[in-house]
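Asker: Next one to model:
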Amino acid sequence: MSAVIEREPDVWQLQQAKAQFSEVVNCALDGVPQLVTRSGRPSVYIVSAELYDDQHSSSGLNRKDIFISSPACELELDTLRDKSDGREVSL
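Answerer: Okay, the predicted model is just below:
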């Protein structure tokens with residue numbers, strides 16, 4: 001993994017970030033957070049997993065704890081699947 005570089009984040013408009021996603025990811029992997037804006041307002045940061053883990057391990061939270069502490073953790077998901085074989089197709 002790359003060393004973390006202390007630098008201001010690069011800023012991308014959403015359309016530009018989608019079109020150049022590989023470049024956005026490569027910059028994040030180089031240790032430079034990537035800020036994506038939508039409608040001219042900051043929307044999300046894209047950071048390397050290494051940077052994310054480093055910053056959250058120092059706070060004592062791991063990914064599981066972060067997801068569990070989410071306000072959406074109370075949502076119930078329907079995880080039942082239809083067990084039928086599907087439809088028949090004649091070839």
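Asker: which sections of the protein are below the confidence cut-off?
Answerer: 1-7, 58-61, 71-73 (pLDDT under 70).
Asker: just the strands in it please.
Answerer: Applying DSSP state E to the chain gives strands spanning 10-13, 34-38, 41-46.
Asker: Now distance to L77 and mean neighbour count too, for those, in a markdown table please.
Answerer: (Each C-beta comes from the backbone N, C-alpha and C, glycine too.) Listed next are these as a markdown table, based on distance: least, CB to CB, whole Å; neighbours: other CB atoms under 10 Å:
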| stretch | distance to L77 | mean neighbour count |
| --- | --- | --- |
| strand 10-13 | 31 | 16 |
| strand 34-38 | 26 | 17 |
| strand 41-46 | 23 | 13 |
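Asker: nearest to K83, of those?
Answerer: Nearest of those to K83, taken as CB to CB: strand 41-46 at 37.5 Å.
Asker: Run the angle between that closest one and strand 34-38 for me.
Answerer: Here strand 41-46 runs at an angle of 150 degrees relative to strand 34-38 (axes from the mean of the first three to the mean of the last three CA atoms, to 10 degrees).
Asker: quick one: contacts of strand 41-46?
Answerer: With contacts defined as CB atoms under 8 Å, 6 or more residues apart in numbering, strand 41-46 is touched by 9, 14, 17, 24-25, 28, 33-37.
Asker: The chain: helices as residue ranges?
Answerer: Taking DSSP state H, the helices of the chain run over residues 14-19, 21-29, 49-57, 63-68.
Asker: can you redo the ones you listed as JSON lines with mean neighbour count?
Answerer: Listed next are those as JSON lines, based on neighbours: other CB atoms under 10 Å:
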{"stretch": "helix 14-19", "mean neighbour count": "14"}
{"stretch": "helix 21-29", "mean neighbour count": "15"}
{"stretch": "helix 49-57", "mean neighbour count": "14"}
{"stretch": "helix 63-68", "mean neighbour count": "11"}
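Asker: Can I get those helices in JSON lines including distance to E76?
Answerer: Shown next, in JSON lines, are the helices of the chain (distance: least, CB to CB, whole Å):
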{"stretch": "helix 14-19", "distance to E76": "31"}
{"stretch": "helix 21-29", "distance to E76": "32"}
{"stretch": "helix 49-57", "distance to E76": "27"}
{"stretch": "helix 63-68", "distance to E76": "15"}
